[in-house]
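A.B. asks: Give me coordinates for this.
(one chain, ligands or ions: 1)
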Amino acid sequence: MDRKAILIYDCTLRDGTQGGGMSLSVSDKVQIAKRLDDLRFDYIEGGWPGSNPKDIDFFNTMKSVPLRYSKVAAFGSTRKKDIQPEQDANLQLLLEAETPAVTIFGKSSPFQVKEALQTTPEENLGMIADSVAFLRRNGKEVVYDAEHFFDGFQMDQEYAVCTLRSAHAAGAHFLTLCDTNGGTDFLTVTDIVRTVRKALPDARLGIHTHNDAGYGVANAMAAIFEGAEMAQATINGIGERVGNADLITILANLFKCGIPTQGGIDAAELTGLARYVYELANMLPEPKQPYVGDLAFAHKGGVHVDAVLKNPGLYEHITPEAVGNRRQFLVSDLAGTAHIEALEGFGIKKRDPIARVVLNEIKRLEHEGYAFEAAAGSLDLLVRTLRGESKEIFQLVEYRVEVTKKTAGAPQSCAVVVIRVNGEEVTKMAYGDGPVNALDSALRAALTSKFPELTDLRLEDYKVRIIPEQRGTSAKVRVLIESKMGARRFGTIGVDENIVDASWKALADSFRYAHLLIKA
Ligand SMILES: [Zn+2]
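C.D. replies: Numbering: from 1, shown residues only. Got it, this is the predicted structure:
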């Protein structure tokens with residue numbers, strides 16, 4: 001295997017922002033760029049100045065943000081047909097971005113040239129060569145992205161290689177082979193990269209893949225194994241359609257394979273980086289993300305838990321700490337007594353009499369429809385209650401929720417909550433977008449009047465699931481709430497036949513647990 005150090009080229013701020021539901025402000029982008037610089041990513045693609053003013057804004061801002069290691073790259077296309085590069089507005093904007101590196105993309109097959117550019121294959125070769133040479137003359141490091149390269153190569157191998165030759169001969173530092181549509185498989189990627197390496201032995205190759213066929217990371221790794229020196233991808237695989245290859249997974253795989261990165265990126269930083277980007281992008285983390293997801297090292301089946309406690313290597317391919325993640329044991333009715341060890345975090349030992357009591361109660365509640373995997377807050381409260389340690393911060397006296405719908409206009413929701421805090425009754429009323437929102441607002445108002453520190457509690461996510469009828473029981477509703485208190489996120493749960501009451505239980509637990517965190 002090739003042990004050459006790999007250059008890491010991040011496209012999150014350009015390709016990544018093309019992902020559905022993804023939006024970053026200029027200041028978010030600057031924060032991410034600084035973080036990537038701290039971690040020693042080689043290139044940070046900042047945006048396409050020719051496509052929107054926000055990207056121009058980013059490059060202008062970056063002129064006064066010194067980076068210690070990373071090179072910022074501006075992205076754009078080759079010159080337009082039938083003009084000189086000097087007259088091309090897009091290339092001009094790339095120079096005005098004042099970045100050390102510039103990445104330009106060009107077409108790889110006569111089909112794309114004819115359909116998209118409506119010009120001749122010869123003119124396309126001229127567009128590539130002229131644009132690269134122009135950027136070189138202006139002192140830029142040039143990365144040439146061969147768009148649709150793998151598809152183009154399979155249509156017309158000779159022409160596809162000619163496009164690379166044009167960029168190479170004009171002085172491009174890197175030739176990036178792109179699987180723009182994401183439909184190529186890794187055996188084909190291997191073959192094509194091998195052929196290109198033979199055709200252009202002294203060119204330095206990069207790889208840029210998308211995940212449309214679920215091969216994004218596999219294709220990037222395949223190209224690296226064949227000698228590609230630069231990996232282009234996005235943090236968390238955020239990007240157009242189903243996304244780009246996940247750079248986090250690529251970096252973890254490189255670490256695992258013992259392939260160094262040029263900047264010596266520390267794999268233990270990967271979990272933190274992945275979550276940081278989710279946070280800034282206002283996206284929920286993907287729990288099953290390889291290496292860094294919350295469930296990446298979570299064990300649930302009794303046999304698995306038992307074995308991992310003896311030796312983690314039995315069900316883990318790498319240690320969680322190596323990528324900055326952590327091991328966890330999920331409590332479940334599948335579990336044997338080994339799960340008691342999982343309760344060690346609560347200070348419960350396997351032989352403690354309380355261990356049985358806790359497990360039995362968990363099993364009983366799971367039978368009723370509870371699931372504690374994503375509700376660590378409610379589980380903690382349950383354990384404390386069973387041990388007689390819990391001090392209720394409030395008692396419910398009553399709540400009322402009313403939804404009014406008139407002929408015209410949206411329905412109105414109003415909730416009244418009466419609770420008792422230290423013997424004193426508090427009554428609050430609130431309106432909301434819906435009954436649960438009104439209930440949350442009324443309870444929040446009542447509690448923060450007595451516990452101002454609870455103002456910081458944020459409701460981050462609310463999920464409802466119907467649990468189908470089982471024999472002898474009617475259908476139930478399970479509500480999972482994810483809350484955030486400072487840097488801590490936690491889940492709470494409620495189950496009931498009535499959706500409002502299931503929500504009430506999850507909400508009440510969320511406030512109780514937040515209060516506990518403040519005291520801790
Ligand atoms: Zn792309």
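A.B. asks: Confidence-wise, which helix or strand of the protein is lowest on average?
C.D. replies: helix 339-342 (a mean of 59; mean pLDDT, DSSP states H and E).
A.B. asks: Next SSE downstream of that one?
C.D. replies: helix 353-367 (DSSP states H and E).
A.B. asks: and that next one, which residues are buried?
C.D. replies: By neighbour count with 16 or more other C-beta atoms under 10 Å, helix 353-367 contains the buried residues 354-355, 358-359, 362, 365-366. The way it works is simple: take the backbone N, C-alpha and C, and place the C-beta from them, glycine included.
A.B. asks: Please report how far T492 lies from K505.
C.D. replies: According to C-beta to C-beta, to the nearest Å, T492 and K505 sit 8 Å apart.
A.B. asks: From what I see, P468 and V477 are in contact.
C.D. replies: No. Between P468 and V477 there is no contact under C-beta atoms under 8 Å: 11.1 Å.
A.B. asks: Which one's more surrounded, these two?
C.D. replies: More neighbours surround V477 than the other of P468 and V477, with 19 against 9 (other C-beta atoms under 10 Å).
A.B. asks: Tell me the bridge partners for the more buried one.
C.D. replies: Beta-bridge pairing for V477 (DSSP bridges): I466, D496.
A.B. asks: separation between it and I265?
C.D. replies: From V477 to I265 the distance is 45 Å (C-beta to C-beta).
A.B. asks: same thing with R478?
C.D. replies: 41 Å.
A.B. asks: Could you pull up the residues touching the residue nearest the centre of the chain?
C.D. replies: Geometric centre of the chain, nearest residue: N236, 3.9 Å, by C-alpha atoms, centre = their mean. Contacts for N236 were tallied using C-beta atoms under 8 Å, 6 or more residues apart in numbering; they are 246, 248, 274, 277-278, 283, 286, 289.
A.B. asks: again, but for D55
C.D. replies: Going by C-beta under 8 Å, 6+ apart, the list of residues near D55 reads 14, 46-49.
A.B. asks: and with 7 Å instead?
C.D. replies: 46-49 (C-beta atoms under 7 Å, 6 or more residues apart in numbering).
A.B. asks: Likewise for H173?
C.D. replies: With C-beta under 7 Å, 6+ apart, H173 has these contacts: 141-143, 204.
A.B. asks: Do I have it right that V464 meets V477?
C.D. replies: Yes. The pair V464 and V477 qualifies as a contact (C-beta atoms under 7 Å) at a distance of 6.1 Å.
A.B. asks: Could you tell me which residues touch both of these two?
C.D. replies: I499.
A.B. asks: Need the outlier residue of this structure, farthest from its centre.
C.D. replies: No residue in the chain sits farther from the centre than G423, which is 45.8 Å out by C-alpha atoms, centre = their mean.
A.B. asks: Can you tell me how far that residue is from V397?
C.D. replies: 12 Å.
A.B. asks: can you check A5 too?
C.D. replies: 66 Å.
A.B. asks: higher neighbour count, T492 and K505?
C.D. replies: Per other C-beta under 10 Å, whichever of T492 and K505 has more neighbours is T492, with 27 against 18.
A.B. asks: Check whether the more buried one really touches S378, as I assumed.
C.D. replies: Yes. Between T492 and S378 there is a contact under C-beta under 7 Å: 4.6 Å.
A.B. asks: what residues are shared contacts of those two?
C.D. replies: Counting by C-beta under 7 Å, 6+ apart, the residues touching both T492 and S378 are D509.
A.B. asks: Distance from the chain centre to the longest helix belonging to the chain, please.
C.D. replies: Ranked by residue count under DSSP state H, the longest helix found in the chain is helix 499-519. Remark: helix 499-519 is offset 27 Å from the chain centroid, using C-alpha atoms, centre = their mean, to the nearest Å.
A.B. asks: Could I get the buried residue list for that helix?
C.D. replies: Here helix 499-519 shows 499-517 as buried, counting by 16+ other C-beta under 10 Å.
A.B. asks: what about I419, which helix or strand?
C.D. replies: Using DSSP H and E, I419 sits in strand 412-421.
A.B. asks: so how far is whichever helix or strand comes after that strand from its chain's centroid?
C.D. replies: Downstream of strand 412-421, the next assigned helix or strand under DSSP H and E is strand 424-432. Put simply, strand 424-432 sits 38 Å off its chain's centre (C-alpha atoms, centre = their mean).
A.B. asks: Give me the sheet partners of strand 424-432 and which way each runs.
C.D. replies: Here strand 424-432 has these sheet partners by DSSP bridges: strand 412-421 (antiparallel).
A.B. asks: in the strand it pairs with, what counts as buried?
C.D. replies: Using 16+ other C-beta under 10 Å as the test for burial, strand 412-421 gives 413-419, 421.
A.B. asks: got a pLDDT number for H515?
C.D. replies: In this model, H515 is scored at 93, pLDDT.
A.B. asks: Same check on S332?
C.D. replies: 59.
A.B. asks: Run through the strands of the stretch 101-250 of the chain in chain order.
C.D. replies: 101-106, 141-146, 174-179, 205-209, 230-233 (DSSP state E, counting those that start in this stretch).
A.B. asks: can you tell which of those strands is closest to F451?
C.D. replies: Counting by C-beta to C-beta, F451 lies closest to strand 230-233 out of the strands of the stretch 101-250 of the chain; the figure is 45.2 Å.
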